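Peer 1: Build me a model:
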Amino acid sequence: MKIRRLLALLLLLPLTLAVGGGSATAQPAGTLVVGLVAEPVNLDPAQVTDFNSNRVGRRIVETLVTMPDESTQLVPGLAESWTISPDGLQYTFKLRKGVKFHDGTPFNAAAVKFSIERQILVDHPANKLGKYPFANYFFGNVKAVEVMDDSTVRFVLKEPRATMLAVLAQPAASAVSPTAAMKNGVDFALAPVGTGAFRYGSWTRGQSVVLEKFPDYWKGAVKFDRVVYRPIVEDQARLTELLTGTVDLIVGVPPDFVAQLEGSPKANLLRQVGAHVWYLGINNTKKPLDDKRVRQALNYAVNKDAIVKDVLKGTGVVSKGPVLPGTWGADGNLAPYPYDPAKAKKLLAEAGYPNGFSTTMWVPESGSGMQSPVAMAVVMQSNLRAVGVNVTLQTMEWGAYIAKLRTKEQDLFALSWAAGSEDPDMVMYPLFHSSQWTPNGPNRAMYKNEKFDALLTEARHVTDQAKRAALYREAQKILYDDAPWVFVDHEILIAATSKRVQGFKLHPNFDLRVETISLR
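Peer 2: Alright, predicted model coming up:
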């Protein structure tokens, strides 16, 4: 049934694109409708790990430090200014005065303290009201959050961390209403209360989440009344709804339809390369994958250019490592592993596998930031078979896939990571530092290199960006040689809007900032 439905949509789309098709249903005045790839899990950004939840939840809450539109530069948010002590152990923030939470309670230093401590203190009264997956990585270095006065808060660190400001721009650092959190308990995650441009309206499971504009927003009220988020899982269905006028904004545009959309009178197309990396993870602790010659061979065997060209239709940039090319910490002298099957076979023979070996590859059927995982995996399976590596694909639903990865039983596995920042620490440390091997830790490749660890730790303690960049470049050379992943691509996010949407800008961290939109 599903295949027939998709074929019907595929047959319909060229006609829709050509003539502007369908009988569009006009949206209510002042309502923006957004088509999401999947339904949110919950709306408290301190508790979620997927794009869809954050894209909704971040409209409700805000952080002390933020990023301007179309940039990953760090600028004041709920904090109007800050100072850093000479030893790098104290960050003192002056907060904006007069800011209110959606429940009418004041935003102040006590609220900031509550928002962080609920995640890191096991004896905090709000700690057991949720699960906070980023508490250790983002805030494990926080010794104390001190209220100096109502509009001044100080973070005291256990040791210097050069990325602290970047951390405080992440979703987990959002300020929430202590009053609402304690009143609503575990249900707070479904209807959080923050200071953002929108406040929670309603949630009809499987159908829509509605946010209403906050008229007393400290930056001034937005230009429309509400935003409705609808989960539309199938790519083709999401695109059809955009072109027939029932949806105003979508992401996850199928690569096959990008060229056609560019000429459509019904839509505007937006592209953005972000701090995102898609990779084939390798379990560095399992034989024969524990031999770096084997891992290098896998990199030479996979035709990344063909994946980007033929599967992704140009909606990706070939990767040479985890750090986004062109950013301040990237090593511009490294080149992607070339497609070289002969070199791959030679390395396999040197490692003692002249006839190759058999292994398994875990692949999600879809998922936040996963592009076209099954189609990409099929290409990699064919490439690897050509050099003697026989791969059995095991596909899974996204939730089951993430749970399965926690077992640490994987051989090869397809996954992606969105850093949310250009700072190399935000991608290199969680994905490769050996301290992140914990059961739920993001170092799922179980990679460990003591010199690499030392470089990343040193870079956290250095405040000079040029010196940090030099350390990260050295670390990238180690990763490139160790080849703990098959480095595949960095996604070019594609979004499309209806012509009634004005002023939308796609952010490099893949956030969907609808606050700037006006509707005509």
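
Peer 1: Now for residue 56, how many residues are close by?
Peer 2: Neighbourhood size, residue 56 [other CB atoms under 10 Å]: 26. C-beta coordinates here come from the backbone N, C-alpha and C atoms, glycine included.

Peer 1: How far off centre is the strand or helix carrying it?
Peer 2: When elements are assigned from DSSP states H and E, residue 56 belongs to helix 51-57. Centre-to-centre, helix 51-57 and its host chain are 10 Å apart (CA atoms, centre = their mean, to the nearest Å).

Peer 1: Check the model's average confidence along it for me.
Peer 2: The average pLDDT for helix 51-57 rounds to 91.

Peer 1: Can you classify residue 413 by secondary structure?
Peer 2: strand (DSSP: H, G, I helix; E, B strand; the rest coil).

Peer 1: Tell me how far it lies from residue 361.
Peer 2: 7 Å (CB to CB, to the nearest Å).

Peer 1: more neighbours, these two?
Peer 2: residue 413 (24 against 21).

Peer 1: is it true that residue 68 touches residue 75?
Peer 2: Yes - with contact taken as CB atoms under 8 Å, residue 68 and residue 75 are classed as touching, separated by 5.6 Å.

Peer 1: residue ranges with poor pLDDT in the stretch 51-200 of the chain?
Peer 2: Within the stretch 51-200 of the chain, not a single segment meets pLDDT under 70.

Peer 1: residue contacts, residue 393?
Peer 2: 360, 361, 363, 374, 377, 378, 381 (CB atoms under 8 Å, 6 or more residues apart in numbering).

Peer 1: how about 6 Å then?
Peer 2: For residue 393, the contact set (CB atoms under 6 Å, 6 or more residues apart in numbering) comprises 361, 363, 377, 381.

Peer 1: which residues does the residue lying closest to the third one once chain neighbours are set aside bridge with?
Peer 2: I take that to be residue 377. In space, and not counting its chain neighbours, residue 377 is closest to residue 363: 4.3 Å by CB to CB, 6 or more residues apart in numbering. Bridge pairing for residue 363 (DSSP bridges) gives the partners residue 395.

Peer 1: surely residue 363 meets residue 413?
Peer 2: No - Residue 363 sits out of contact with residue 413 when judged by CB atoms under 6 Å, with a separation of 7.6 Å.

Peer 1: hang on, residue 82 in a helix?
Peer 2: No - the assignment for residue 82 (three-state DSSP) gives strand, which keeps it out of a helix.

Peer 1: For it, which residues count as its bridge partners?
Peer 2: Under the criterion used (DSSP bridges), residue 82 bridges to residue 93.

Peer 1: what's the distance between it and residue 111?
Peer 2: Taking CB to CB, one finds residue 82 at 17 Å from residue 111.

Peer 1: cool, and residue 75?
Peer 2: 21 Å.

Peer 1: Which residue of these two possesses the greater neighbour count?
Peer 2: Taking neighbours as other CB under 10 Å, residue 75 and residue 111 compare with residue 111 leading, 25 against 10.

Peer 1: how would you label residue 153: helix, strand or coil?
Peer 2: Quick answer, by three-state DSSP: residue 153 is strand.

Peer 1: Find the nearest non-adjacent residue to it, please.
Peer 2: Counting by CB to CB, 6+ apart, the residue nearest residue 153 is residue 109, at 3.9 Å.

Peer 1: Hmm, that neighbour is touching residue 154, no?
Peer 2: No - using CB under 6 Å, residue 109 makes no contact with residue 154, being 8.6 Å away.

Peer 1: mind listing the helices for the stretch 301-450 of the chain?
Peer 2: Taking DSSP state H, counting those that start in this stretch to define them, one finds helices in the stretch 301-450 of the chain at 304-306, 341-350, 373-385, 398-405, 425-432, 450-461.

Peer 1: pull the longest strand from the protein.
Peer 2: strand 485-498 (DSSP state E).

Peer 1: rewinding a little: for residue 142, which of the helices of the stretch 301-450 of the chain is the nearest?
Peer 2: Smallest distance to residue 142 across these (CB to CB): 13.7 Å, for helix 450-461.

Peer 1: who touches that closest one?
Peer 2: Here helix 450-461 makes contact (CB under 6 Å, 6+ apart) with 160, 161, 162, 429, 433, 434, 468, 471, 472, 474, 475, 478.

Peer 1: Can you give me the neighbour number for residue 60?
Peer 2: Neighbour tally, residue 60, other CB under 10 Å: 24.

Peer 1: Might one say that it is in contact with residue 196?
Peer 2: Yes - applying CB under 6 Å, one finds residue 60 in contact with residue 196, separated by 4.8 Å.

Peer 1: For residue 500, give me the pLDDT.
Peer 2: 95.

Peer 1: Tell me which residues touch it, please.
Peer 2: 519, 520.

Peer 1: at 8 Å what do you get?
Peer 2: Residue 500 touches 27, 248, 519, 520, counting by CB under 8 Å, 6+ apart.

Peer 1: what's around residue 417, how many residues?
Peer 2: 17.

Peer 1: Now it. Nearest residue, chain neighbours left out?
Peer 2: That would be residue 277: by CB to CB, 6+ apart, it lies 5.5 Å from residue 417.

Peer 1: Thought residue 322 was touching that neighbour, still the case?
Peer 2: Yes - checked against CB under 8 Å, the pair residue 277 and residue 322 is within contact range at 5.1 Å.

Peer 1: Now do the shared contacts for those two.
Peer 2: Joint contacts of residue 277 and residue 322 (CB under 8 Å, 6+ apart) are 417, 427, 487.

Peer 1: Wait, residue 214 touches residue 104, no?
Peer 2: No - Residue 214 is beyond contact range of residue 104, at 11.1 Å (criterion: CB under 8 Å).

Peer 1: Who has more neighbours out of those two?
Peer 2: residue 214 (21 against 10).

Peer 1: ok, and the closest non-adjacent residue to the more buried one?
Peer 2: Looking at residue 214 with CB to CB, 6+ apart, the closest residue is residue 199, at 4.8 Å.

Peer 1: okay, stretch 373-381 in CSV with CA atoms only?
Peer 2: Presented in CSV, the C-alpha positions along stretch 373-381 are these (Å, rounded to 0.1, in the frame of the first residue of the first chain):
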residue,chain,number,x,y,z
PRO,A,373,19.9,6.9,4.8
VAL,A,374,18.7,3.7,3.1
ALA,A,375,19.6,4.8,-0.4
MET,A,376,23.0,6.0,0.8
ALA,A,377,23.6,2.7,2.6
VAL,A,378,22.7,0.7,-0.5
VAL,A,379,25.4,2.5,-2.5
MET,A,380,28.0,2.0,0.3
GLN,A,381,27.0,-1.7,0.4
